[in-house]
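Novice: Pasting the sequence and the predicted model now:
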Amino acid sequence: MKRVNYISILFVSFMGLISACSSSEKKTVEDEKKVPVVVATPLTDNRAGIQVSGQVEAGQTAMISTRVMGTITSVKVKAGDLVKQGQLLATIANDDMKAKKAQVEASVAEAEAAAAVATKDLERFTQLYNSQSASAKELENVKLQHRSILSKLESARQMRNEVHAMLAYTEIKAPFPGVITQKFAEEGSMANPGMPILALEQTKSFQALISVPETDVMGVKPNGEAIVTVKATGTTFTGILSEVSPSSQFTGGQYLAKVAIPDNEKENLKAGMYVNVFIPFSNEVKASSSSLTIPLESVIKKEDLTGVYVLGTDDIVSLRWIRLGKSHGDRVDVLSGLNKEETFVVKAEGRIYNGAKVSVVK
């Protein structure tokens with residue numbers, strides 16, 4: 001009898017243990033079914049504006065070329081070299097120019113000698129005319145001859161200036177201090193008028209070139225602020241809109257604008273870096289364009305529909321279809337379907353669906 005009671009006690013204890021384990025396991029399974037989520041409420045865009053992209057460019061850029069045809073005899077720089085204003089960059093063969101210069105110099109010397117003789121003749125005939133030893137006709141002829149010779153002298157001097165100018169184009173010098181960014185020709189190549197030989201950019205003088213769509217250009221004004229984010233470095237700073245083009249006729253409906261970059265932000269910049277630029281609208285535009293925004297990562301897309309998971313009672317989410325507007329960087333405007341008091345799922349640490357239970361991560 002005692003043995004039977006002992007067995008009964010063991011059986012009851014064992015069943016109780018199983019029941020407790022099952023309850024604990026059931027509770028754990030129920031907790032595991034809840035997907036952890038991060039939630040938020042829509043933000044009111046009190047700082048309305050537009051987000052555009054662009055590139056960093058040098059404040060001054062020059063394509064170095066020549067106005068004469070000839071063989072390139074030397075290129076004294078390479079890409080990456082820093083140069084000073086007036087520094088010799090390349091030379092073009094100029095033997096024919098030097099020969100022409102010698103001819104012109106000889107013509108100038110001859111014209112100057114003739115002008116000196118004509119000047120003395122004019123002085124002598126003037127004295128003779130004053131002493132009534134020469135007629136007015138003779139004096140007039142000498143004056144005309146003197147004027148003709150002086151004209152020939154001036155013509156010879158202008159030809160010399162032209163030759164000097166052409167010779168200057170055979171010695172290509174830097175128009176401003178900067179850095180050589182490209183080398184288009186090598187020694188021995190034939191240079192043609194207008195053909196680029198080198199590309200020069202001014203150092204430490206950068207600006208951001210952006211394109212503004214015509215739907216937003218009315219909110220962009222010169223001298224306004226622009227918040228620039230450089231993708232390569234991740235740095236963000238405030239620049240000034242230095243220029244806004246009044247026409248998009250030749251830019252495909254996009255209005256080009258330039259953002260001046262502060263000097264203390266130019267240290268690690270290079271021309272060609274991509275930037276994102278946020279341009280806040282003026283107060284007048286803000287009043288008419290204020291809207292709700294949500295993160296782009298929270299948007300669910302199914303074919304042509306867009307929606308978000310809205311958090312309801314008992315931590316149950318439901319899929320809500322919404323209509324979206326313009327994107328502003330990593331956020332997008334909500335035109336309809338969501339109000340500012342509702343809570344939606346920004347991201348989930350697992351798969352969620354319409355009617356799923358979630359646990360909110362604080």
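Specialist: Noted; the coordinates are in hand.

Novice: pLDDT averaged over stretch 134-149, what's the number?
Specialist: Across stretch 134-149, pLDDT averages out at 91.

Novice: Now it - C-alpha only, CSV.
Specialist: Provided in CSV are the C-alpha atoms of stretch 134-149 (Å, rounded to 0.1, in the frame of the first residue of the first chain):
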residue,chain,number,x,y,z
ALA,A,134,60.7,127.5,-100.5
SER,A,135,57.2,127.7,-101.9
ALA,A,136,54.1,126.5,-100.0
LYS,A,137,53.7,123.7,-102.6
GLU,A,138,57.2,122.4,-101.8
LEU,A,139,56.5,122.5,-98.1
GLU,A,140,53.2,120.7,-98.5
ASN,A,141,54.9,117.9,-100.5
VAL,A,142,57.4,117.4,-97.8
LYS,A,143,54.7,117.3,-95.1
LEU,A,144,52.8,114.6,-97.1
GLN,A,145,55.9,112.6,-97.6
HIS,A,146,56.7,112.9,-93.8
ARG,A,147,53.2,111.8,-92.9
SER,A,148,53.4,108.8,-95.3
ILE,A,149,56.8,107.6,-93.9
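
Novice: Same question for it: list its buried residues.
Specialist: By neighbour count on 16 or more other CB atoms under 10 Å, the buried set for stretch 134-149 is 134, 139, 142, 145-146, 149. To be clear about C-beta, it is placed using only N, CA and C from the backbone, and glycine gets the same treatment.

Novice: Next, format those as CSV and append secondary structure and distance to Asp333.
Specialist: Listed next are the buried residues of stretch 134-149 as CSV, based on DSSP: H, G, I helix; E, B strand; the rest coil; distance: CB to CB, whole Å:
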residue, secondary structure, distance to Asp333
Ala134, coil, 97
Leu139, helix, 91
Val142, helix, 89
Gln145, helix, 86
His146, helix, 84
Ile149, helix, 82
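
Novice: what's the farthest-apart pair in those residues?
Specialist: Farthest apart among the buried residues of stretch 134-149 by CB to CB are Ala134 and Ile149. That separation is 19.0 Å.

Novice: sorry, back to before: of all the buried residues of stretch 134-149, which comes closest to Glu110?
Specialist: Ile149 (10.4 Å).

Novice: now the closest one: how far from Ala114?
Specialist: The gap separating Ile149 from Ala114 is 5 Å, by CB to CB, to the nearest Å.

Novice: Likewise for Val361?
Specialist: 100 Å.

Novice: Can you tell me the closest non-neighbouring residue to Phe344?
Specialist: Spatial nearest neighbour of Phe344, excluding adjacent residues (CB to CB, 6 or more residues apart in numbering): Val308 at 4.4 Å.

Novice: gap between the one you found and Phe176?
Specialist: 54 Å.

Novice: Between these two, point out the one with more neighbours.
Specialist: Set side by side, Val308 and Phe176 show more neighbours around Val308, with 25 against 15, by other CB atoms under 10 Å.

Novice: who does that one bridge with?
Specialist: Beta bridges link Val308 to Arg320 when assigned by DSSP bridges.

Novice: do the same with Ile172
Specialist: Legend: beta-bridge partners of Ile172 under DSSP bridges are Ala90.

Novice: Now do the contacts for it.
Specialist: 64, 66, 88-92, 197-198 (CB atoms under 8 Å, 6 or more residues apart in numbering).

Novice: try it again with 6 Å
Specialist: The contact partners of Ile172, taken as CB atoms under 6 Å, 6 or more residues apart in numbering, are 64, 89-90.

Novice: Fine by me, we can end here.
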